[in-house]
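Here is the input, now give the coordinates:
(2 chains)
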Amino acid sequence: MTDIQETVKPFRIAVFADFVCPYSYLAVEQIDRLSREYGIQPIWRPHWLHPETPPEGVPRECSADADARVERRNAWMKEMAPEQFERMRFPDKRQYSFRAFEALEFAYDCGLDFAYAAALYDLMWTQGRDIGETGTLLAAAEQSSLDPAGLKTALDEHLYAQRAFDAVHQAREVGIMNTPTIYLGRTRINGWTYYEVLQSVMEKQGLRPREAVTN
Amino acid sequence: MHHCYVVDAANAPWKRSASEGITFACQVLLSGEDGGPEAMRFRFDDCPSVYAHMHLTSQFQLLLKGCMDFPRGVKHLEALAIHYTDHNMPYGPFAVSGGHEMLVLHPRAGGILSMANLEARRRINLTGRLFASLAADAEWQPLPGVDDARYKLLMPPDFGPAAVVAQVPAHAALAMPAPVYGRYEVVLEGSVIMAGQEIGPPGFRYVHGEQAAEPLMTGASGASVAFMSFDADAQEGGITGEGLAVEAAAAMARAI
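Prediction:
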C-alpha cells in the first residue's frame, strides 16, 4: 500500500541571506517565529552581497549622500521593526562574510545552521562584533550549542571553504538577487516582508499553525 | 460605453492636510464618488519617512517635482518619474524631498491603508506588481507619423500597465489605442485641447472604454504628454462595503 506521506515532498523553508544585511537580521526573528508556529526547521543559506570585500572589511563611505542614505535606512527600520531597531548597532565598516559562510556550512552538517545563523546575526547586529573575526564565529558556536573547537579546526584548515564557495555560486545560479530571499515551499519572496505575509503564504499552501492543528 | 473626464488642475482648490503626522498640500482633482476615477495632486513637505501603506486599486504616481527615496527596492526617484503599484500592493516607507509634487492616479476610489494595520497586511496582494522608473533613464525615439515628435517608454512594453511620454509640436493630433482598462493623459508641458478646452500642466484627461478616444490636439506651443494605461488589475479591489475597505475609504477621506 502506498503511503501518501512518502510521495509528498516535505515543505521547506529556506532563506538566502548575508550576515552583513540588516534586513536579513530583521528576518531572523520572523523565521524563528514561523518555524516554531508551523513546526518546520528552516534552512539558512548564504548569498554573498559583496564578494569584493577584503577580509579586513571596508570602511563605510563618508559623504553627505551616504549620510542621507543612512538616515533613510534608519527611518525605514524604525518604522518597520521598531523593537529590533532599538537594539541594533550598525557597524562602521562593511564586514567580510565568507568565513561566516564557511562556519555556516559546518553548522549545517550538525543540523544547527539556523541556530548558528541566529546567534551570529545577534552578535553582529546587537553586540557590535565583527563576523570577519574568528573569535566572533566561535562565540556564535558556543551560543548555538555547536562545538567551538571543531569549528576552529574547520576554519583554520578551510575544510568548508569549497562548500561555502559552491553554496554562494548556487545562490547566484538560482537567481538570488537580494537579501533576504525566502522560499516558503513553492513560493519565493524577494526581500524583507511582513510576518503576516509569511503566514498568508504558508496558509495558501495548506499549512496551519501547530496550535490551530492541535485545537 | 465611453467615459471621459477632463481636469484643469489650475481650477482646483488646494488644502493643507496631514496623515499619521505627515504634512502635505493636496488638490482633489477627481473624487471617484461616481464610481469613476480618483485623482489627487500632492505636495508633501520634506519628510524622511512617509509611512508604508497600500491602496485598494491600481495606482500610478507621476512624480512632477522633487524626489522620492525608497530605501528598499526601487531606490531613488526624481522628477519626472513614475511609480506603479497593483491593487493591495504596499510600498514605503519612503522619503520625500526637494519640493515634492506628484499626481496620484487611480482607476476608481482606492482608499488608503497603513501597513501598521495587521489586518491590512493579511490582505496584501501576494502577486502584486510594483514598477518605478525615471524618465531621464529612457531614450527618446521618433514618433512615427508626426514630424518633429518623439516619445519615450517609461515602462517595459510587455509589463501590462503602460506609461509613455510624448513630445509633440504645435497643432498635432495624438491618437492612442482604445483605453480598455482606463488611461490618464497628463499634460507635462505646453498645452493640449481636450473636449474643446485648452489644458495646461498638470491638467489631464481620463478615458475609459472599448472605443478609441478622440485624439488630443496640441496647442500653439506644442506639448509633452504622459499617457498612463491600466491593465486588467484596474478591475480588481476597490472600495466595497467590506470592513477593511470601509476603513480604507474613511482613512483617505480623513487624509484629504
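
Pretty sure B:G66 sits against B:E78.
Yes. In this structure B:G66 lies within contact range of B:E78 using CB atoms under 8 Å: 7.3 Å. Every C-beta, even on glycine, is put in place using the N, C-alpha and C of the backbone.

what touches both of these two?
B:G98 (CB atoms under 8 Å, 6 or more residues apart in numbering or on different chains).

which residues does whichever residue of the stretch 151-256 of chain B sits closest to chain A contact?
Nearest residue of the stretch 151-256 of chain B to chain A: B:L244, at 12.9 Å (CB to the nearest CB). Contacts for B:L244 (CB under 8 Å, 6+ apart) come out as B:L113, B:N117, B:E119, B:A120, B:R123.

Could you do A:T136 as well?
By CB under 8 Å, 6+ apart, the contact list for A:T136 reads A:L120, A:L123, A:M124, A:R129, A:D130.

so the first one sits in a helix?
It refers to A:L120. Yes. Looking at A:L120 with DSSP: H, G, I helix; E, B strand; the rest coil, it is inside a helix.

Might one say that it is in contact with A:E102?
No. Counting by CB under 8 Å, A:L120 does not reach A:E102; the two are 11.9 Å apart.

So for these two, which residue has more residues nearby?
Between A:L120 and A:E102, counted using other CB atoms under 10 Å in any protein chain shown, A:L120 has the larger neighbour count: 27 against 24.

Tell me how far the more buried one lies from A:D156.
18 Å (CB to CB, to the nearest Å).

Near residue 182, how many other residues are there?
No chain specified, so I'll use chain A. A:I182, neighbours per other CB under 10 Å, totals 26.

wait, I meant chain B there
23.

residues in contact with it?
By CB under 8 Å, 6+ apart, the contact set of B:G182 is B:P37, B:P107, B:Y206, B:V207, B:H208, B:S229, B:F230, B:A234.

Filter these down to the buried ones, ChimeraX style.
To isolate the buried subset of these in ChimeraX, counting by 16 or more other CB atoms under 10 Å in any protein chain shown, use the following:
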select /B:37,107,206,207,208,229,230,234
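
Could you dump the contacts of B:G182 into CSV with pLDDT added?
As requested, the contacts of B:G182 are exported to CSV (pLDDT from 0 to 100):
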residue, pLDDT
B:P37, 97
B:P107, 98
B:Y206, 98
B:V207, 97
B:H208, 97
B:S229, 97
B:F230, 98
B:A234, 97
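
Now intersect the contacts of B:G182 with the strands, please.
B:Y206, B:V207, B:H208, B:S229 (DSSP state E).

Toward the C-terminus, what is the element adjacent to the worst-scoring helix or strand of chain A on mean pLDDT?
Least confident helix or strand, chain A: helix A:4-7 with a mean of 43, by mean pLDDT, DSSP states H and E. Moving toward the C-terminus from helix A:4-7, the next helix or strand (DSSP states H and E) is strand A:13-17.

Paired strands for that next one, with orientation please.
Applying DSSP bridges, strand A:13-17 is found paired with strand A:43-46 (parallel), strand A:181-184 (antiparallel).

Mind listing residues that contact the helix or strand following the first one?
Under the assignment DSSP H and E, the closest C-terminal helix or strand after strand A:43-46 is strand A:58-59. Around strand A:58-59, the neighbours that count as contacts under CB under 8 Å, 6+ apart are A:H50, A:D92, A:K93, A:R94.

and what of stretch B:97-107?
Stretch B:97-107 is contacted by residues B:29, B:32, B:37-44, B:46-47, B:55, B:57-69, B:78-79, B:181-182, B:184, B:186, B:202, B:204, B:206, B:208, B:228, B:230, B:234 when judged by CB under 8 Å, 6+ apart.

Find me the pLDDT at residue 20, would you?
By default, I'm working from chain A. Looking at A:V20, its pLDDT reads 97.

I was after chain B.
Reading off the model, B:E20 has pLDDT 82.

So it sits against B:S114, correct?
Yes. Applying CB under 8 Å, one finds B:E20 in contact with B:S114, separated by 6.3 Å.

These two: who's more crowded?
With neighbours defined as other CB under 10 Å, B:E20 and B:S114 compare such that B:S114 has more, 17 against 13.

what's the neighbour count on the closest residue in space to that one that isn't next to it in sequence?
Residue nearest to B:S114 in three dimensions, not counting chain neighbours: B:H53, with 5.2 Å by CB to CB, 6 or more residues apart in numbering or on different chains. Neighbour count for B:H53, taken as other CB under 10 Å: 22.

Also B:A136?
B:A136 has 10 nearby residues by other CB under 10 Å.

What are the contacting residues of whichever strand or helix holds A:R172?
Following DSSP H and E, the helix or strand that holds A:R172 is helix A:161-173. Residues outside helix A:161-173 that contact it (CB under 8 Å, 6+ apart) are A:F16, A:R45, A:P46, A:H47, A:W48, A:P51, A:F98, A:F101, A:E102, A:L104, A:E105.

what's the answer for stretch B:14-25, then?
Residues outside stretch B:14-25 that contact it (CB under 8 Å, 6+ apart): B:26-28, B:42-45, B:47, B:50-51, B:112, B:114, B:251, B:254-256.

re earlier: from the contacts of helix A:161-173, which would you call buried?
Among the contacts of helix A:161-173, those buried by neighbour count (16+ other CB under 10 Å) are A:F16, A:R45, A:P46, A:H47, A:W48, A:F98, A:F101, A:E102, A:L104, A:E105.

hang on, the third one packs against A:S97?
The reference is to A:P46. Yes. Contact criterion CB under 8 Å: A:P46 and A:S97 qualify, at 7.3 Å.

Quickly list what's touching both of the two.
Common neighbours of A:P46 and A:S97, counting by CB under 8 Å, 6+ apart, are A:D18.

part of a helix, is A:E203?
Yes. Judged by three-state DSSP, A:E203 forms part of a helix.

Now do the same contact list for the residue of the stretch 51-200 of chain B found nearest chain A.
Chain A sits closest to B:R121 of the stretch 51-200 of chain B, with a gap of 3.7 Å, by CB to the nearest CB. By CB under 8 Å, 6+ apart, the contact set of B:R121 is A:Y194, A:Y195, A:E196, A:V197, B:P90, B:M115.

Most widely separated two among those residues?
The span of the contacts of B:R121, defined through CB to CB, is set by A:Y195 and B:P90 at 13.5 Å.

So for those two, which sits in the more crowded spot?
B:P90 (22 against 16).

Break down chain A into its helices, ranges please.
With DSSP state H, the ranges of helices along chain A come out as A:4-7, A:22-38, A:64-80, A:82-87, A:98-109, A:113-127, A:134-143, A:148-156, A:161-173, A:195-204, A:210-214.
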